[in-house]
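>>> my questions are about this predicted structure, shown below with the sequence.
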Amino acid sequence: MSERKNNRGKIEIMADVLSLSTAGIKKTHIMYRANLSYEQILHYLNQLLGKGLIAQDVADSALVYRTTEKGREFLACYSRMSDLITDSYENAQKVPLLTT
């Protein structure tokens, strides 16, 4: 899950929810761990369910959410993209800026 909790974009929030859901988790636990409001968690869960990135299961009489195979593929792509951006940013910090 990302370390920055404020000013996250939609894709980052979806990645956080998917990451939290890999082993199965209740809605309220996602809400608190991802630092989302009730309305936000409903919105993102509906989005992720609709895209087939997350699934609902019943475990011990409770509704839990689990990341699907498609959701794990999303996380792998997101992680790769994040690594590329971080690497590019770190490399850019080492290169002196050209001035005209």
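In hand now; what should we look at? Numbering: from 1, shown residues only.
>>> point me to the helix or strand that includes residue 70.
helix 69-94 (DSSP states H and E).
>>> separation between the closest residue to residue 78 other than its chain neighbours and residue 84?
Distances taken as Cβ to Cβ, 6 or more residues apart in numbering place residue 15 nearest to residue 78, at 4.6 Å, with adjacent residues excluded. Yep, even glycine has a C-beta here, placed from its N, CA and C like the rest. Per Cβ to Cβ, to the nearest Å, residue 15 is found 15 Å from residue 84.
>>> next one: residue 44
From residue 44 to residue 84 the distance is 24 Å (Cβ to Cβ).
>>> so for those two, which sits in the more crowded spot?
residue 44 (21 against 10; other Cβ atoms under 10 Å).
>>> and the residue positioned nearest the centre of the chain, what pLDDT?
With distances taken as Cα atoms, centre = their mean, the chain has residue 15 as the residue nearest its mean C-alpha position (1.3 Å). With respect to pLDDT, residue 15 scores 97.
>>> ditto for residue 45
97.
>>> buried ones in the host helix or strand of it?
Under the criterion of DSSP H and E, residue 45 resides in helix 38-50. For helix 38-50, the neighbour count (16 or more other Cβ atoms under 10 Å) marks 41, 44-45, 48 as buried.
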